[in-house]
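Peer 1: Give me a 3D structure for the following:
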Amino acid sequence: MSATVWFVLAIVLVAFIFDFINGFHDSANSIATIVSTRVLSPATAVVWAAFFNFVAAFGLGTAVAKTLGKGLIDLSIVDPTVILGGLIGAIVWDLITWWGGLPTSSSHALIGGYAGAAVAKAGLAAILTSGWIKTLVFIVVAPLMGLVLALTLTVALSWALRRSLPRKVDRTFRVLQLGSAALYSLGHGTNDAQKTMGIVVGLLFSAQAAFVNFPIRGLHLTTADVIPLWVILSAHAAIALGTMAGGWRIVRTMGQRITKLTPFGGFCAETSGAITLFVASHFGIPVSTTHTITGAISGVGAAHRLSAVRWGVAAQIVWAWILTIPAAAGIAGLCYVLLHAVPR
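Peer 2: This is a model prediction of the structure:
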């Protein structure tokens, strides 16, 4: 095999490593609520979430992957070095924020990294403005939608169950939270794994000439509209394994520091987050699962009283969100420049 083929395959491996890191960085999204309410132990919760992350591979579409694969960056300027620079930028930012215990968006780190490397190569002309509009709008819409849905659901159920015994409500929602956590993990797997799929497809499409005579089917792509099955399964497997590894620093922030959760509140937060993710995935919008569940958890707290939400912690998280795309883009742009300078 040619050196180009090996280089591209190595980048595919890096993409799935990012997906794994995405899984453990974002495991808090899927399990923080159910762990903090003590419905499941941490070890059981990560297995539960990882299973549904993987199950999301079957039958839930690839609209987000297509948006990321061809809707954000002009594919005519994409090459393996751009992809590699973008992935390194996203991975570095994810590890920095994981170490700091900040629940930032792996999705936006990937998008920012991809854009930063592309701009480093070709300038702002590399950016497809139409694809970015809905993505940037949903940076605000996703957490607000999660917050409003969670607040509304919490108030509605509280009113409907106002005459029920607290002990009975708690026991019932301990069971229901298993279902809501599963739904949220399905939504997380559906939206987040597809982002890596889009990157891999964009990479293979940009390097199609190197795979013309390659014997393994599914590597020579002449269109970015079709996602090979092996890419779908690999992406979901990687994010599921990452979730099982667990990002415990972020779990503590999400499950304990924003607001105190009960099984009832955990159910409302997870259900609202899941609805938001399924809507976004249906329309092919790559949203942040982290932003979504943080908004939903805040909505549950605000439904009881505004002081129940630790707004200082939420403000720190918001600042980390604001920094994610430009920080990942800057790291990725620098990586592209350094990689491009290395003779091959």
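Peer 1: So for V119, what's the pLDDT?
Peer 2: pLDDT for V119: 94.
Peer 1: G112 is in contact with that one, correct?
Peer 2: No: judged on Cβ atoms under 8 Å, V119 makes no contact with G112 at a distance of 10.4 Å. Using the backbone N, CA and C atoms, a C-beta is placed for each residue, glycine as well.
Peer 1: okay, these two: which has more neighbours?
Peer 2: Using other Cβ atoms under 10 Å, the more surrounded residue of V119 and G112 is G112, with 26 against 20.
Peer 1: what's the helix or strand for the more buried one?
Peer 2: Counting by DSSP states H and E, the element that carries G112 is helix 106-122.
Peer 1: name the helices or strands packed onto that helix?
Peer 2: Applying 3 or more Cβ pairs under 8 Å, 6 or more residues apart in numbering; DSSP states H and E, we find helix 106-122 packed against helix 3-25, helix 63-70, helix 80-99, helix 166-206, helix 289-304, helix 311-341.
Peer 1: 7 Å instead?
Peer 2: The helices and strands touching helix 106-122, judged by 3 or more Cβ pairs under 7 Å, 6 or more residues apart in numbering; DSSP states H and E, are helix 3-25, helix 80-99, helix 166-206, helix 311-341.
Peer 1: I'd like these as JSON lines, with distance to C268 and mean pLDDT appended.
Peer 2: As requested, those are exported to JSON lines (distance: least, Cβ to Cβ, whole Å; pLDDT from 0 to 100):
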{"stretch": "helix 3-25", "distance to C268": "24", "mean pLDDT": "87"}
{"stretch": "helix 80-99", "distance to C268": "27", "mean pLDDT": "89"}
{"stretch": "helix 166-206", "distance to C268": "8", "mean pLDDT": "88"}
{"stretch": "helix 311-341", "distance to C268": "17", "mean pLDDT": "82"}
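Peer 1: and the gap between D26 and N53?
Peer 2: Distance of D26 to N53, computed by Cβ to Cβ, to the nearest Å: 9 Å.
Peer 1: now swap in H236 and tell me
Peer 2: Distance of H236 to N53, given as Cβ to Cβ: 6 Å.
Peer 1: re earlier: overlap of the contact sets of D26 and N53?
Peer 2: H188 (Cβ atoms under 7 Å, 6 or more residues apart in numbering).
Peer 1: in the stretch 201-344 of the chain, which segments are predicted with low confidence?
Peer 2: Filtered on pLDDT under 70, the stretch 201-344 of the chain yields the residue ranges 215, 246-260, 305-317, 343-344.
Peer 1: A240 reaches A50, doesn't it?
Peer 2: Yes: A240 lies in contact with A50 (Cβ atoms under 7 Å); the separation is 4.2 Å.
Peer 1: residues in contact with I77?
Peer 2: Contacts of I77 by Cβ under 7 Å, 6+ apart are 118, 121-122, 126.
Peer 1: Which residue, other than its chain neighbours, is closest to it?
Peer 2: Nearest residue to I77, sequence neighbours excluded (Cβ to Cβ, 6 or more residues apart in numbering): A122, at 4.3 Å.
Peer 1: Count the neighbours of the closest residue to G89 other than its chain neighbours for me.
Peer 2: Closest residue in space to G89, ignoring its immediate chain neighbours: A332 at 2.6 Å, by Cβ to Cβ, 6+ apart. Per other Cβ under 10 Å, the neighbour tally for A332 reads 32.
Peer 1: and A332, how far is that from S185?
Peer 2: 28 Å.
Peer 1: Likewise for W99?
Peer 2: Using Cβ to Cβ, W99 is found at 24 Å from S185.
Peer 1: With R174 instead?
Peer 2: Taken as Cβ to Cβ, the span from R174 to S185 is 17 Å.
Peer 1: Settle it for me: which of these two has more neighbours?
Peer 2: Shown here are R174 and S185; by other Cβ under 10 Å, S185 has more neighbours (31 against 19).
Peer 1: Do I have it right that that one meets N53?
Peer 2: Yes: the criterion here is Cβ under 7 Å, and S185 meets it with N53 at 5.4 Å.
Peer 1: got a list of what the residue most central in space within the chain touches?
Peer 2: Taking Cα atoms, centre = their mean, the centroid of the chain lies closest to D192, which sits 3.8 Å from it. The contact partners of D192, taken as Cβ under 7 Å, 6+ apart, are 22, 26, 106-107, 239, 289.
Peer 1: same question, L95
Peer 2: For L95, no contacting residues are found, by Cβ under 7 Å, 6+ apart.
Peer 1: at 10 Å what do you get?
Peer 2: By Cβ atoms under 10 Å, 6 or more residues apart in numbering, L95 lies in contact with 21, 25, 109.
Peer 1: before we move on, what about L151?
Peer 2: Taking Cβ under 10 Å, 6+ apart as the test, what L151 contacts is 268, 272, 295-296, 298-304.
Peer 1: Assign a three-state SS to it, would you?
Peer 2: Three-state call for L151 (DSSP: H, G, I helix; E, B strand; the rest coil): helix.
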